[in-house]
Each structure stands twice: as C-alpha cells, then as structure tokens.
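Engineer: Build me a model from this:
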Amino acid sequence: MASGRGYLVVGGDSLVGGSTFAALKRRGDRVIASTRRPSTISDERVFLDFEDPEAFRAPEGIDYAFVIAAATNYERCEKDPAAQVINTELIPRTVASLLSQGLFVTFISTNSVFGGERAWPHEDDPHDPRIPYARQKSEGEARVRALASAMGWADRLNIVRLTKILDGGVSPLPAWTAAWTRNEAIQPFSDLTFAPLSVRFVGEALARVGEARVAGNLHLSGAENIDYVSFARALAAHRGIDPRLIEPTTSVEKGVNIPFKPTFSGLGMARTTDLTGVAPQPFAEVLADLDLPRA
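Structural biologist: Take a look at the predicted model:
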C-alpha cells in the first residue's frame, strides 16, 4: 500500500540504487531516481551532478532521500584527488542541501570504516579506517553529521553502513560461472573474508529504513563472516557443481594485492534490528537470492 510519501534515490544508476528504487516502487510509493546520464532523464529520473556548484533542488512532493553515491574504486581513492573531493566535500554538500530543504536523508556508508580487525562492530563504535576509501567515507560521515548537528537537522539523518553486496553480475561470480560452464576449476581465496548481502535484501531493507525514519547510525550486514573458499563450496553445492572444480588458493600465493582484506567483515546490527525490524541476512538466503545462470 502506498505511503503517500515521496522518495528520491540519489545514485539510481548504481546496483544498490536500482534495487532500492525497485523495492520502493513495489510498495506503491512515489519514487524518483537521480542520474548523471542526461539521455535517461524521464518523469522518474532527474539529472544530478555533484560537481555543479548550484544546489540541487529535490522534486516537489519528495520528503525522503537515499544518497547512494560515492567514488568507490579503491585505487582511484588512493591516487585521484578528485575522489577525495567527491567523498568528503561534494556528496556531504548535497546531503546538507537536501536536509536544508526539509528532507529526511539516508547517507550510505561502508563497513570498511571499522578497519576489519574487530568482530561485529556496533553501530556507534569508533572508526579505524585503514585504506584511503575507508578514510574518505569516515570523513564524509563526520562532515555530514557535523553539518546536520550544527543546523539542528540531526533528527532527520541516518547513516547506513553496508557489507559486501552480491548479485550475479558482481565479481567474482561472472568469472566463476563462466569457468564452471566450461567445466574449468576456479581458484577462490581462503584469505579473503566477507559478510555477503544480496542486492534484493539491501533494497528491501533500505525501503524499510525509509519507512521507519530512524535517525542515527544503522547497519546492514550478512549474518556470517565467510571466506571465499567456503563461499565457493557452498555456491557449488547449491548449484550442483562438482566440488573438484574448486581449487583453493590465497591472494598471497597468486600475487594479488587486495587493499581491504578484513579479518572480520560483518557488522553488529542490534540497534538496527531493534528500531527497524531488519535482521542480518542469513547466508542461505543470500545463496537463494543470487540470480545466476546455470552452468
């Protein structure tokens, strides 16, 4: 049933943005997505460029915004000064503008702000960012929170941190599926851990966060910390793949530099579950949600 509220999804071209847009539409809500692609502008898509010095004005009838946008490439965040400007200045400026227009805003962040060496950090635990992307997101959080507090808008802001999100098109799944289709083995890393979420779950969970309108820090996390070898074996069993087509290795053995290689990836969700009813996503549900072609 429609809520009578209007939602803006900033970053509608992204994986999470598209899923959130779809989840809200399924509820019958009015939803508009932003895009940086002028050719795709329509009644449901408006143009937004963070670099435009003129403040973006939310469409009439919109009272809630999800800001699902960032420079996320680890290498770019390390080497390109423009990435830091986007993450720590331009996007926080857009969040502040939306808050000043009276909207409730959800600002999307990442589990990497906690560094990955502490198991199940809670929503209000201190940060320990260890790579440039994580430091930029942590600084972006701080700037958004400071702007909101200084202007008395903190009760209309939440920050939602996410763990790794999967669908059939997210690496390494396309390469694994292609290899299994050719009856070739894959080589997952046993020294890389994550707490996966399905993109479907994230979209639905963010829609529920939007309905709850809870201020403060929130988390969306998979229920298990799992290494990629264990994930590959579970996925193979789920899909009926010969387990001999899995050859475990490590990133060290393969000479692959992984900037963010956490010991623990999952996030504590006690506050989030208490206030929104959203619980961590069970790993079995993640597997069931993956939209993968059969090998």
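
Engineer: going forward, measure contacts and count neighbours with C-alpha atoms only.
Structural biologist: Noted.

Engineer: Could you pull up the mean pLDDT of stretch 238-255?
Structural biologist: Mean per-residue pLDDT for stretch 238-255: 96.

Engineer: swap in stretch 88-103?
Structural biologist: Average pLDDT, stretch 88-103: 96.

Engineer: do stretch 137-149 as well
Structural biologist: 97.

Engineer: Using PDB, write down the CA coordinates of that stretch.
Structural biologist: Extracted C-alpha coordinates of stretch 137-149, given in PDB (Å, rounded to 0.1, in the frame of the first residue of the first chain):
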ATOM      1  CA  LYS A 137      34.000   7.600   3.900                       C
ATOM      2  CA  SER A 138      34.700   8.000   7.600                       C
ATOM      3  CA  GLU A 139      35.500  11.700   7.000                       C
ATOM      4  CA  GLY A 140      32.400  12.000   4.800                       C
ATOM      5  CA  GLU A 141      30.300  10.600   7.700                       C
ATOM      6  CA  ALA A 142      31.800  13.100  10.100                       C
ATOM      7  CA  ARG A 143      31.200  16.000   7.800                       C
ATOM      8  CA  VAL A 144      27.600  15.000   7.200                       C
ATOM      9  CA  ARG A 145      26.900  14.500  10.900                       C
ATOM     10  CA  ALA A 146      28.600  17.800  11.800                       C
ATOM     11  CA  LEU A 147      26.600  19.800   9.300                       C
ATOM     12  CA  ALA A 148      23.300  18.200  10.400                       C
ATOM     13  CA  SER A 149      24.000  18.800  14.100                       C
END
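
Engineer: and that stretch, how far out from the chain's middle?
Structural biologist: The chain centroid and the centroid of stretch 137-149 are separated by 18 Å, computed with Cα atoms, centre = their mean, to the nearest Å.

Engineer: In the protein, where's the longest helix?
Structural biologist: For the chain, the helix that runs over the most residues, judged by DSSP state H, is helix 132-150.

Engineer: what's that one packed up against?
Structural biologist: helix 74-79, helix 91-100, strand 104-110, strand 157-162 (3 or more Cα pairs under 8 Å, 6 or more residues apart in numbering; DSSP states H and E).

Engineer: Can you give the distance from that helix to the centre of its chain?
Structural biologist: Computed by Cα atoms, centre = their mean, the separation of helix 132-150 from the middle of its chain amounts to 16 Å.

Engineer: Give me the contact list for it.
Structural biologist: Residues from elsewhere that reach helix 132-150 (Cα atoms under 8 Å, 6 or more residues apart in numbering): 72-74, 77-78, 84, 87-89, 91-93, 95-96, 99, 109-110, 112-113, 115, 127, 129, 154, 157, 159.

Engineer: now with 6 Å?
Structural biologist: 74, 77, 78, 87, 88, 92, 112, 113, 129, 154 (Cα atoms under 6 Å, 6 or more residues apart in numbering).

Engineer: list the contacts for the last one?
Structural biologist: It refers to residue 154. Shown in contact with residue 154 (Cα under 6 Å, 6+ apart): residue 148.

Engineer: got it, and the third one?
Structural biologist: With contacts defined as Cα under 6 Å, 6+ apart, the neighbours of residue 78 are residue 132.

Engineer: can you check the fifth one too?
Structural biologist: Residues touching residue 88, when contacts are defined by Cα under 6 Å, 6+ apart, comprise 136, 140.

Engineer: Is it in a helix, a strand, or coil?
Structural biologist: Here residue 88 takes the helix state, with states given by DSSP: H, G, I helix; E, B strand; the rest coil.

Engineer: what mean pLDDT does the helix or strand containing residue 19 have?
Structural biologist: Assigned by DSSP states H and E, residue 19 falls within helix 15-26. On average, the pLDDT along helix 15-26 is 96.

Engineer: Which secondary structure elements does that helix sit against?
Structural biologist: With contacts defined as 3 or more Cα pairs under 6 Å, 6 or more residues apart in numbering; DSSP states H and E, the packing partners of helix 15-26 are helix 199-212.

Engineer: Now find how far off-centre the helix it packs on is within its chain.
Structural biologist: Centre to centre, stretch against its chain (Cα atoms, centre = their mean), the figure for helix 199-212 is 11 Å.

Engineer: tell me the angle whichever helix or strand comes after that helix makes with strand 104-110.
Structural biologist: As assigned by DSSP H and E, the chain's next helix or strand after helix 199-212 is strand 216-220. Taking axes from the mean of the first three to the mean of the last three Cα atoms, to 10 degrees, one finds strand 216-220 and strand 104-110 inclined to each other by 50 degrees.

Engineer: I appreciate the help and will end here.
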